[in-house]
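K.L.:
Provide a 3D model corresponding to the input given below.
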Amino acid sequence: MAHSTTQPAARRQLADPSDAPDVRARGRRVEQHPDDAPDETTQTPIYKRPWFVIGALLLLLAALFFGIRYYLHARAHESTDNAFIEGDAVRVSSRTAGTVYRVYVRDNQQVQAGTLLLELDPRDYQARLDQAQAAVGSAQAQREASARAATARRSVIDQQRAQLAAAIASSEQAQAEERAAQAQASRDARDEQRYAELYKTDAVSRQRYDQALTAAHTTAAQADAARKRTQTARAQEGQARAGVTQAENDYRQAAEQISVAQAQIAEAQAAAAQAQLQLSYTKIYATETGRVTRKAVDEGQTVAVGQQLMALTYGQLWVTANFKETQLEKMRAGQPVELEVDAYPGETFRGRVESFQRGTGARFSLLPAENATGNYVKVVQRIPVKIVFDGQPNLHLLAPGMSVVPEVDISAEPAEKPVAPRNGTVPSRSNGQ
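P.N.:
Model (predicted):
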């Protein structure tokens, strides 16, 4: 039984050309031993080896697992590397021209609202203020003088009116006396005519006629004197009226001078207020609590009106992410966002989509595209999306202009509109988890 087993093996070895004796070994015939057959592993291709098949199968399963996971994640998220941190910034500029007297801050210094940043030379503006205040004092003195003159002329009016009343009374009395004298003269004249007729017929004596004639002449003279006194009284009354009119005109002039002086006071006070305002512009204060950036002013420098001297970054930070228009189909305000800042790899900040700009970035550029002219090439546009942090980040860690990679979970239901965070709070973040 053993012989039958070994005999076919010997035949197989003789039939295999590779088992032929090696005749090249030093000229001697060497027969190959059956135990020296070639190793089976050197003849099997590597892709047929069991360990390779198992490894490839495991690698395929891992790739399939992570590929499906990545696909599902990519379907539910939108991301872009065209995003930057933005923040509120106030540009500090001068509202008046002058020479910088002193600068009280330095670059990147943290300042509180109301902090004195710099001061211009105030001497010119102080001189203008003193001049304006002197003009106010002069106008006030002029008004007081006009007021005293008006008071004096008011008393003159009262005197002239009293004189007018007396002149009117005298005129009325003279007119009454004139009427009485005229009546007496008329009666005596009639008596004289009657006695003259009677004297012609010798009805009365010559003496009685002479008495009547004398009485007629006397009352006529008295009537003429009364008429003259009436004219004189009327003239005095006219003078008194003219005096009252003159006094009233003088009083109106004095009152007008008071109004003019009052207007001059208002004008001088306005000039003084303007000078005071210009003087206040020589001291520039911080309007917000923030950090000094882009400082471009030094002591002794001459600045012009509106010249930018520095900037203050302050308040809330947010992210402006420029997503492609093809990424916005399912993106909604209120969806959660994970933010990775290039300056802090491994740290993840959290935020929410707040709003979308109503227009592409190219539409509001300095030179917007004119698609109706020339050849047209379609380019996918980008829409700026504002993303706010969940909590205010530490202003020492993040700054406007830093690059950010936001990832929006478009599968999440939009939450309520995020509330603006308060200063000093720290956002929720995870170290790569």
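K.L.:
Name the next helix or strand downstream of the biggest helix by length in the chain, please.
P.N.:
For the chain, the helix reaching the highest residue count under DSSP state H is reported as helix 123-200. Following helix 123-200 in sequence order, the next helix or strand is helix 206-280 (DSSP states H and E).
K.L.:
what packs against that following helix?
P.N.:
On a contact count with 3 or more Cβ pairs under 8 Å, 6 or more residues apart in numbering; DSSP states H and E, helix 206-280 meets helix 123-200. Bear in mind the C-beta positions are built from the backbone N, C-alpha and C, glycine included.
K.L.:
and the angle from the helix it packs on to helix 206-280?
P.N.:
Comparing the axes of helix 123-200 and helix 206-280 via axes from the mean of the first three to the mean of the last three Cα atoms, to 10 degrees yields an angle of 170 degrees.
K.L.:
For helix 123-200, name the packing helices and strands.
P.N.:
In terms of contacts (3+ Cβ pairs under 8 Å, 6+ apart), helix 123-200 is packed against helix 206-280.
K.L.:
Gly315: what secondary structure?
P.N.:
What DSSP: H, G, I helix; E, B strand; the rest coil gives for Gly315 is strand.
K.L.:
now Tyr101
P.N.:
Following three-state DSSP, we place Tyr101 in the strand state.
K.L.:
quick one: low-confidence parts of the chain?
P.N.:
1-43, 47, 73, 199, 204, 392-396, 415-433 (pLDDT under 70).
K.L.:
Outline the domain layout of it.
P.N.:
The chain breaks down into these domains under automatic domain parsing: 1-35, 80-93+298-368+377-430, 125-278.
K.L.:
Redo those as CSV? Include mean neighbour count.
P.N.:
CSV is the format used below for the domains of the chain (neighbours: other Cβ atoms under 10 Å):
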stretch, mean neighbour count
domain 1-35, 9
domain 80-93+298-368+377-430, 16
domain 125-278, 16
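K.L.:
Dump those to CSV, plus distance to Lys48.
P.N.:
Formatted as CSV, the domains of the chain follow (distance: least, Cβ to Cβ, whole Å):
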stretch, distance to Lys48
domain 1-35, 21
domain 80-93+298-368+377-430, 44
domain 125-278, 94
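K.L.:
right, and the ones you listed - which one's nearest Gln109?
P.N.:
domain 80-93+298-368+377-430 (10.0 Å; Cβ to Cβ).
K.L.:
so Pro406 is in which element?
P.N.:
Pro406 belongs to strand 404-409, assigned by DSSP H and E.
K.L.:
who does that strand touch, helix- and strand-wise?
P.N.:
Checked by 3+ Cβ pairs under 8 Å, 6+ apart, strand 404-409 has strand 77-79, strand 83-93, strand 308-324, strand 336-341 packed alongside it.
K.L.:
Kindly check the end-to-end length of stretch 327-339 for me.
P.N.:
Counting by Cα to Cα, to the nearest Å, you get 17 Å between the two ends of stretch 327-339.
K.L.:
for it, the distance to its chain's centre please.
P.N.:
Distance of stretch 327-339 from the chain centroid (Cα atoms, centre = their mean, to the nearest Å) equals 32 Å.
K.L.:
Also stretch 264-276?
P.N.:
26 Å.
K.L.:
Likewise for stretch 344-364?
P.N.:
Counting by Cα atoms, centre = their mean, stretch 344-364 comes out at 26 Å from the chain centroid.
K.L.:
Using CSV, list the CA coordinates for it.
P.N.:
Listed in CSV are the C-alpha atoms of stretch 344-364, where the atom choice follows Å, rounded to 0.1, in the frame of the first residue of the first chain:
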residue,chain,number,x,y,z
TYR,A,344,-7.7,77.6,16.5
PRO,A,345,-7.7,74.2,14.8
GLY,A,346,-9.5,71.5,16.8
GLU,A,347,-11.9,73.9,18.5
THR,A,348,-15.4,74.1,17.3
PHE,A,349,-17.7,77.1,17.9
ARG,A,350,-21.4,76.9,17.6
GLY,A,351,-23.8,79.3,16.1
ARG,A,352,-27.0,79.7,14.0
VAL,A,353,-27.9,81.1,10.7
GLU,A,354,-29.4,84.5,11.2
SER,A,355,-30.2,86.0,7.8
PHE,A,356,-29.4,86.0,4.1
GLN,A,357,-28.3,89.0,2.0
ARG,A,358,-30.9,89.9,-0.6
GLY,A,359,-28.5,89.9,-3.4
THR,A,360,-25.3,88.3,-4.5
GLY,A,361,-21.9,89.6,-3.7
ALA,A,362,-21.2,90.5,-7.3
ARG,A,363,-24.4,92.5,-7.6
PHE,A,364,-23.3,94.9,-4.9
